[in-house]
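Q: with the sequence up front, the predicted model follows.
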Amino acid sequence: MVVCWKPQRQRIRFRKLQIFDISRNAFVGSLPDRYFKNFGGMVDAIENMTHDEKNVFQQFIDINLTLKGLDQTLQRLLKTFIMIDLSSNRFSGKIPVSVGRLNSLKYLNLSRNTVTGHIPVSLGNISNLESLDLSWNRLDGKIPSELVRLTFLSKLNLSMNNLVGWIPLFKQFSTFPNDSYIGNSGLCGDPLTKKCERIDGKPMIPQEDDDDVSGFIDGFGWRSVVMGYGCGFVVGMGIGYIIIRSGRPR
């Protein structure tokens with residue numbers, strides 16, 4: 001089911017909607033949070049879909065969509081094809097947290113708007129997401145580390161925003177090129193040429209969660225090792241001296 005954008009005052013339904021494409025228009029205002037909350041067809045889609053609904057998707061012919069940054073014509077849609085494309089409009093405000101509950105979503109494109117605020121941590125819950133495009137907006141803050149949970153993500157575009165901090169280097173994020181992050185002067189780390197620095201000006205290398213290991217090493221530095229060997233040597237010499245003075249034991 002494909003729908004055009006027609007704001008209405010009555011109760012919003014669209015509970016079985018699985019393709020929401022209103023890109024390349026001139027819509028204004030905040031992103032439609034109340035719509036996202038009603039997109040039940042984008043939550044656990046396969047489990048909730050009936051047999052008749054699965055067959056309907058094969059009847060669509062010649063649908064023009066923008067997927068992973070490329071314009072494509074699809075002659076057949078799979079039952080798992082679920083997307084939201086609000087790109088090239090004039091939407092403003094923050095990205096609603098409710099988008100994160102749409103765990104069956106595969107393509108999310110909010111590019112070329114004037115969206116502000118941080119990238120919601122809840123986007124890391126969209127486990128089936130394959131393409132995420134938030135480029136050409138006014139997003140700020142850090143890239144949430146929760147996004148590394150998106151193991152199916154093959155296309156990422158966060159360019160031309162105001163993002164800052166480290167770029168996650170783990171899992172899928174280690175495969176994305178420089179183009180995914182350009183235009184964010186506050187970002188640092190691979191694959192960008194700008195390296196992250198500490199307050200003292202020395203470069204920093206982001207690491208995974210190894211606080212326990214580093215704490216162990218810090219707690220037992222070279223001073224502790226030397227003291228341990230020293231104490232052991234003194235105790236050993238003392239025991240040897242006592243044995244020699246007391247004679248060889250029978």
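A: That came through, no problem.
Q: out of the helices and strands in the protein, which is least certain?
A: Taking mean pLDDT, DSSP states H and E as the measure, the chain has helix 211-219 as its least confident helix or strand, at a mean of 41.
Q: what sits against residue 160?
A: 135-137, 182-184 (CB atoms under 8 Å, 6 or more residues apart in numbering). Glycine gets a C-beta too; all of them are placed from N, C-alpha and C.
Q: count the neighbours of the nearest residue to it once chain neighbours are set aside for me.
A: Excluding the flanking residues, the one nearest residue 160 by CB to CB, 6 or more residues apart in numbering is residue 183, at 3.7 Å. Using other CB atoms under 10 Å, residue 183 has 14 other residues around it.
Q: report pLDDT for residue 183.
A: At residue 183, the pLDDT value in this model is 96.
Q: look up how far residue 135 lies from it.
A: Using CB to CB, to the nearest Å, residue 183 is found at 8 Å from residue 135.
Q: what ranges do the helices span in the chain?
A: Using DSSP state H, the helices found in the chain span residues 33-36, 45-48, 51-56, 211-219, 222-246.
Q: out of those, which gets the lowest mean score?
A: Looking at these, the bottom one is helix 211-219 with a mean of 41.
Q: residue 159 - how many residues pack around it?
A: 20.
Q: show me what contacts it?
A: Taking CB under 8 Å, 6+ apart as the criterion, residue 159 is in contact with 135-136, 179-184.
Q: hmm, which of these are the buried ones?
A: 135-136, 180-181, 184 (16 or more other CB atoms under 10 Å).
Q: just send those residues back as TSV, with distance to residue 128 too.
A: Converted to TSV, those look like this (distance: CB to CB, whole Å):
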residue	distance to residue 128
135	21
136	25
180	20
181	23
184	26
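Q: now, among these, which is nearest to residue 195?
A: Among the buried ones among the contacts of residue 159, residue 181 lies closest to residue 195 (CB to CB), at 13.6 Å.
Q: now the closest one. Nearest residue, chain neighbours left out?
A: residue 187 (5.4 Å).
Q: show me the contacts for that neighbour.
A: 143, 163-167, 181, 194.
Q: that one bridge partners, please.
A: Residue 187 forms beta bridges with residue 165, as assigned by DSSP bridges.
Q: distance of it relative to residue 180?
A: Here the criterion is CB to CB. By it, residue 187 lies 10 Å from residue 180.
Q: do the same with residue 92
A: The value you get for residue 92 to residue 180, if CB to CB is used, is 23 Å.
Q: on that earlier part again, hey, what's in contact with both of residue 183 and residue 135?
A: 159-161.
Q: and those, which is closest to residue 97?
A: Nearest to residue 97 among the shared contacts of residue 183 and residue 135: residue 161, at 18.4 Å, using CB to CB.
Q: wait, the closest one touches residue 134, no?
A: Yes - with contact defined as CB atoms under 8 Å, residue 161 reaches residue 134; the gap is 7.0 Å.
Q: could I get the full set of strands for this structure?
A: With strands called from DSSP state E, the chain shows them at 19-21, 28-30, 63-67, 70-74, 83-85, 90-93, 107-109, 114-117, 131-133, 138-141, 155-157, 162-166, 186-188.
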